[in-house]
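*Asks:* make a model of this:
(chains A and B)
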Amino acid sequence: DGGITQSPKYLFRKEGQNVTLSCEQNLNHDAMYWYRQDPGQGLRLIYYSQIVNDFQKGDIAEGYSVSREKKESFPLTVTSAQKNPTAFYLCASTGQANTDTQYFGPGTRLTVL
Amino acid sequence: SQQGEEDPQALSIQEGENATMNCSYKTSINNLQWYRQNSGRGLVHLILIRSNEREKHSGRLRVTLDTSKKSSSLLITASRAADTASYFCATGPSWGGGSYIPTFGRGTSLIVHP
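*Replies:* Next comes the predicted model:
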């Protein structure tokens, strides 16, 4: 089946630790995105990548980092510099240029203990 | 800042009734999309309407777009308990280079009682 996978589904982190969230897609999509969702809120863009080895900051990039070494993979690292990391994280991808529909992964819920 | 804002924030109806939710936005758009999110899950694309379209149907879904009022509505007819979810509108032009960066609203939480 084609799609986007995120792992793990639930993640617990102690304060001061970095943690990496996985996002993999086998849709052959060029663009990938990371969003953060807080309760009762919409999606806020953290980072996006249009092509391998290139990525851009979104609206709330502080305290996060990404890499795009392979087309299929776009991992997100939540660093200790992120002051309030507890949230639901969603990864998405978009196909060819000017194809605007986003395909989302199932999400990772991160809780800082 | 969030471009699209859904209204109402929450909607509670009985099975079989119609559900209407609205989305308002601020700047010019190329298209507007509606997504659905079940609790604790990712978003699922429902329908896309382009700026030169006024109405679009998909099964029990009907979407309208009024670019003069910068608003859209999503109508779910004959609702079912399984329609219980949050519904988001997403708006945006396409950025230069072909990458699409949509802006999402806060969503409408729909509860359909059996």
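
*Asks:* quick check: bridge partners of residue 108?
*Replies:* Let's take chain A. Counting by DSSP bridges, A:Thr108 forms beta bridges with A:Tyr89.

*Asks:* switch to chain B, that's the one I care about
*Replies:* With DSSP bridges as the rule, B:Thr108 is bridged to B:Tyr87.

*Asks:* also the one 4 residues further on?
*Replies:* Listed beta-bridge partners, B:Val112: B:Ile13 (assigned using DSSP bridges).

*Asks:* ranges for the strands of the chain?
*Replies:* In the absence of a named chain, this looks at chain A. For chain A, the strands defined by DSSP state E occupy A:4-7, A:10-13, A:19-25, A:31-37, A:43-51, A:54-57, A:64-66, A:76-78, A:87-94, A:102-104, A:108-112.

*Asks:* wrong chain, I was asking about chain B
*Replies:* B:5-7, B:10-14, B:19-24, B:31-37, B:43-50, B:55-58, B:61-66, B:71-76, B:85-92, B:103-104, B:108-113.

*Asks:* including mean pLDDT and mean neighbour count, could those go into TSV?
*Replies:* Quick note: C-beta positions are derived from backbone N, CA and C, even for glycine. Output for these, formatted as TSV (pLDDT from 0 to 100; neighbours: other Cβ atoms under 10 Å in any protein chain shown):
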stretch	mean pLDDT	mean neighbour count
strand B:5-7	87	19
strand B:10-14	97	14
strand B:19-24	96	20
strand B:31-37	93	23
strand B:43-50	93	18
strand B:55-58	96	12
strand B:61-66	98	18
strand B:71-76	97	20
strand B:85-92	91	24
strand B:103-104	86	24
strand B:108-113	96	18
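
*Asks:* format those as TSV; extra columns: distance to A:Val19.
*Replies:* Shown next, in TSV, are the strands of chain B (distance: least, Cβ to Cβ, whole Å):
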stretch	distance to A:Val19
strand B:5-7	31
strand B:10-14	33
strand B:19-24	34
strand B:31-37	23
strand B:43-50	23
strand B:55-58	39
strand B:61-66	38
strand B:71-76	36
strand B:85-92	26
strand B:103-104	24
strand B:108-113	29
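
*Asks:* got the confidence number for A:Thr99?
*Replies:* With respect to pLDDT, A:Thr99 has a value of 59.
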